[in-house]
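[1] Structure of the sequence below:
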Amino acid sequence: MISSRIGHSLDPLLMGIYRLFFGRRAVSPNVLTVFGLFFSLAAAALAATRLPLFLAGFLLAISGFLDLLDGAVARNAKMITPFGGFLDSVLDRYSDLLIMLGIAIHFLREETPDPVFAMIAFFAAIGTAIVPYARARAEAASISCKSGLLERSERIILLLAGLFFNILRPVVIVLAVFTHLTVIQRVILTRKAAERATAGGGGG
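    From the prediction side, this is the model:
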């Protein structure tokens, strides 16, 4: 929802920050994508410890920023490639699931271990993985399926709030419910689009 409304309007700001750090040197978007995965892995590792959660939130925020930056750089430097899009999508899935793994372990390593919320985090991880999969399968059938209640931008914002403000439990519950509702929403939208396409083809 957020990404569809904002679109690429943040590109000028992102490129300004990029030039502040890198000047006019060309950095491959794929390198930025890989570094984003590295920061997600570090965030997951910190979330799994008993260190303050805001440290994990800080690293996740850097990862999210790099995820925005790689796309902006690719568009502005005319470096968009099929492999770049593929790599970004694959590593995003690793990032999403690693942070959920870290959160699940966090619940198990608290002073009073909480296996119930560890399982809820795992259930949320399933939804997190299936949301983009549903889109990919729809697009494989030539059906656009980009909308949804809880896309990646919303999920990252929720996780950041949970880590920065130590409110992981309500955040994990929201993720566990709304990721699966998003999957159901995409299934319904895809079915309707497929039925319209079939009806249109039959009317010729």
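[2] contacting residues around residue 167?
    residue 161 (C-beta atoms under 8 Å, 6 or more residues apart in numbering). Heads up, the C-betas are built off the backbone N, CA and C, glycines and all.
[3] now swap in residue 42 and tell me
    Counting by C-beta under 8 Å, 6+ apart, residue 42 has contacts residue 59.
[4] and it, what element?
    In this assignment (DSSP states H and E), residue 42 forms part of helix 29-47.
[5] Also residue 83?
    Residue 83 belongs to helix 82-108, assigned by DSSP H and E.
[6] tell me the angle the next helix or strand after that helix makes with helix 82-108.
    Once the chain leaves helix 82-108, the next helix or strand it forms, by DSSP H and E, is helix 115-140. Relative orientation of helix 115-140 versus helix 82-108 (axes from the mean of the first three to the mean of the last three C-alpha atoms, to 10 degrees): 170 degrees.
[7] Buried ones in helix 115-140, by neighbour count?
    Of the residues in helix 115-140, those buried by neighbour count under the rule 16 or more other C-beta atoms under 10 Å are 117-118, 120-125, 127-132, 134-135, 138.
[8] now do stretch 28-48
    So, applying 16+ other C-beta under 10 Å, buried residues of stretch 28-48: 29-30, 32-33, 35-37, 39-48.
[9] mind showing which ranges of the chain have poor pLDDT?
    1-7, 201-204 (pLDDT under 70).
[10] give me every residue that touches residue 79.
    28-29, 73.
[11] ok, so of those, who is nearest residue 20?
    residue 73 (13.3 Å; C-beta to C-beta).
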